[in-house]
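Trainee: Have a look at this prediction, sequence included:
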Amino acid sequence: MAARVLVSRPTLRRLEAGDLTVSAVTLVRVLEVLALAGDVDQIAAHDDLGHQLADARLPRPHKPLTRGLADEL
């Protein structure tokens with residue numbers, strides 16, 4: 001399996017153990033070897049936490065400054 005994914009055995013073991021330092025590219029290659037790469041889109045579609053984190057990084061709209069009557073006098 002490691003040879004087909006083009007990674008070392010320790011890297012594959014780390015991926016299997018859930019080590020988050022293994023790249024997503026390696027995960028996708030493993031899924032391709034297992035003929036499961038099409039499932040990545042389904043996983044991402046139901047990633048509510050991921051969507052919330054992405055939304056939190058979006059810039060917030062700025063409230064325009066309004067001038068009051070006292071500012072115009």
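Mentor: Received, thanks.

Trainee: so how far is stretch 27-41 from its chain's centroid?
Mentor: On the basis of Cα atoms, centre = their mean, to the nearest Å, stretch 27-41 is displaced by 15 Å from the centre of the chain it belongs to.

Trainee: Is Arg14 in contact with Leu20, as I believe?
Mentor: No. Between Arg14 and Leu20 there is no contact under Cβ atoms under 8 Å: 9.3 Å. All C-beta atoms are positioned from the backbone trio N, CA, C, and that covers glycine.

Trainee: more crowded one of these two?
Mentor: Under the criterion of other Cβ atoms under 10 Å, the comparison of Arg14 against Leu20 puts Arg14 first, with 16 against 7.

Trainee: Can I get stretch 36-44 as PDB, trimmed to CA atoms?
Mentor: Listed next in PDB are the C-alpha coordinates belonging to stretch 36-44 (Å, rounded to 0.1, in the frame of the first residue of the first chain):
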ATOM      1  CA  LEU A  36     -12.800   5.900  -2.400                       C
ATOM      2  CA  ALA A  37     -11.600   9.300  -3.700                       C
ATOM      3  CA  GLY A  38     -15.100  10.200  -4.900                       C
ATOM      4  CA  ASP A  39     -16.300  10.100  -1.200                       C
ATOM      5  CA  VAL A  40     -14.100  13.100  -0.300                       C
ATOM      6  CA  ASP A  41     -16.800  15.500  -1.800                       C
ATOM      7  CA  GLN A  42     -19.500  13.800   0.300                       C
ATOM      8  CA  ILE A  43     -17.400  14.200   3.400                       C
ATOM      9  CA  ALA A  44     -16.800  17.900   2.700                       C
END
